[in-house]
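Enquirer: model the structure of this input:
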Amino acid sequence: MNTFTILRRELSSYFRSPVAYAVLFFFALITGFFFYAGVRSFLQQSLQMTMMGQSVPLNVNEWVVRSVLGNMNVINLFVIPIITMRLFAEEKRSGTFELLSTSPLRDSEIILGKWLAAMVLYLAGLSITLLNMLILFAYGNPDWRPMAIGYLGAVLQGGSLLALGTFLSTLTKNQIIAAVSAFGVCILLFVMDWVASFDSSPLFKVISYLSVSSHSNQFVSGVADSKDAIYYISVIFLGLFLSGRSLESIRWRA
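Expert: Numbering: from 1, shown residues only. Next up, the predicted model:
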């Protein structure tokens, strides 16, 4: 019950500030652009094949759905820091963190409530992309199964990055520092796979496994692999665990 109290409180604070509206607008704008670009490429290629007398139909999932979900990495780079930067940093800056830390609430309830609020806002933004997908079902015949797997991957990826962003927000009372730190960590986790591609040694294979993008590619392709799901769930637990230890250290220092 306490967790949901924190959840409602945090969601209310999101929508009392420009944060929620900025996140939703960013999702609508960027995913709308990727959807438009994917549909346009699909139609142009279909027209060219028709004019050349080729009757092999193109896969709308490959041309449009993968285009939108595959670029979710780019969207998360900017959205995640915006969502998480204020979770604890704003509490520290405004002085309400002391009241929160001395309340009868447990650290786990506070952390979980704030992370769930961030997840709800992220899912709200992600759901906007479903409006574009409904257009495909209205005028085409896409396969919903790889689409569902792709969205599952986007949810897991968002949850893992939000958990890490939550931890980083506990380390400072400056929202800008929290946002820049989260942005830097997100970039690092995305480029690790690219860096590891230059070498095939065991160390670089480990680096590749730690990369967020290497696991998201499987989901975007419509393949649900348990190792990818375990990776994301492990990162979620790691981020929330570190957040708990960070709050404990703050209590001890106080």
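Enquirer: only C-alpha atoms for contact and neighbour calcs from this point on.
Expert: Fine.
Enquirer: for this structure, which segments count as helices?
Expert: Secondary structure of the chain, counting by DSSP state H: helices at 2-15, 18-51, 60, 66-70, 72-84, 89-94, 96-101, 107-139, 144-169, 175-196, 202-210, 212-220, 226-253.
Enquirer: take those helices and write them to TSV, including mean pLDDT and mean neighbour count.
Expert: As requested, the helices of the chain are exported to TSV (pLDDT from 0 to 100; neighbours: other CA atoms under 10 Å):
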stretch	mean pLDDT	mean neighbour count
helix 2-15	88	17
helix 18-51	84	16
helix 60	73	18
helix 66-70	83	22
helix 72-84	88	22
helix 89-94	82	18
helix 96-101	73	14
helix 107-139	90	18
helix 144-169	92	23
helix 175-196	85	19
helix 202-210	75	16
helix 212-220	81	22
helix 226-253	88	16
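Enquirer: got the contact list for the residue nearest in space to the middle of the chain?
Expert: In the chain, the centroid-proximal residue (CA atoms, centre = their mean) is G158; its distance is 2.2 Å. G158 makes contacts with 76, 80, 119, 122, as judged by CA atoms under 8 Å, 6 or more residues apart in numbering.
Enquirer: need the max-distance pair from those residues.
Expert: By the measure CA to CA, the contacts of G158 have their two most distant members at N76 and M119, which lie 12.3 Å apart.
Enquirer: isn't G239 up against G159?
Expert: No. G239 lies out of contact with G159 (CA atoms under 8 Å); the separation is 9.8 Å.
Enquirer: nearest to A89, of the contacts of G158?
Expert: Sorting the contacts of G158 by how near they are to A89, with CA to CA, puts I80 at the top with 14.7 Å.
Enquirer: wouldn't the closest one be in contact with G159 here?
Expert: No. Contact status for I80 versus G159: not in contact, 9.5 Å apart, counting by CA under 8 Å.
Enquirer: quick one on the thing from earlier: now render the contacts of G158 as TSV, adding distance to A138.
Expert: Compiled in TSV, these are given as follows (distance: CA to CA, whole Å):
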residue	distance to A138
N76	28
I80	31
M119	29
Y122	26
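Enquirer: thank you, goodbye.
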